[in-house]
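Visitor: One predicted model, sequence on top.
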Amino acid sequence: MKNVFTILIILSVVWGVSKLIGFYDKTKLATEGPPRNQVVAPAPEPLPALAPALEASLQQAQAAGASGMRDWLEEHQAVLRDPRKAAIELDYAQLLVRSDPVGARRIYQVVRARVPAGSPVYDRVQKLAKLFD
């Protein structure tokens, strides 16, 4: 019987500590805000669709990481048009920010200079300013 009480006490302590850690994480996030390197979700506005073949290859390039995206962008540069091109380049810059922050900032600056205020991607560019500036 003593062992049962010991096990119950240990489980109670573990449960209590996990609840305290969860509470700490919530309050820390509320006071500090989101992390600086948090990835901003793509713009909810509808962007022009790519051809189905390009869409599939874009998903494969995104799965391959920054190098895959770089190669994909170089290969399909001629067929891409804004605002979809700007959104894809912003995705690439976000993938690149950890390995090459200077290159990511350069790509962001080019996109920011090119995107007008009325573009569906403009809000996303403004949100990413905190990350790249």
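Guide: Looks like it came in fine. Residues are numbered from 1 along each chain as shown.
Visitor: name the element Ser119 belongs to?
Guide: Assigned by DSSP states H and E, Ser119 belongs to neither a helix nor a strand.
Visitor: who's in contact with it?
Guide: By Cβ atoms under 8 Å, 6 or more residues apart in numbering, the contact list for Ser119 reads 82-83, 86. All C-beta spots, glycine's among them, are computed from the backbone N, C-alpha and C.
Visitor: same thing with Ala86?
Guide: Counting by Cβ under 8 Å, 6+ apart, Ala86 has contacts 111, 114-115, 119, 121, 125.
Visitor: By neighbours, which of those wins?
Guide: With neighbours taken as other Cβ atoms under 10 Å, the top of the contacts of Ala86 is Val121, carrying 25 neighbours.
Visitor: wait, that one sits on Ile88?
Guide: No - between Val121 and Ile88 there is no contact under Cβ atoms under 8 Å: 9.9 Å.
Visitor: about what we covered before: so can I have a markdown table of the contacts of Ser119 showing pLDDT?
Guide: Listed next are the contacts of Ser119 as a markdown table, based on pLDDT from 0 to 100:
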| residue | pLDDT |
| --- | --- |
| Asp82 | 76 |
| Pro83 | 76 |
| Ala86 | 83 |
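Visitor: gap between Arg98 and Ala87?
Guide: From Arg98 across to Ala87, the span is 20 Å (Cβ to Cβ, to the nearest Å).
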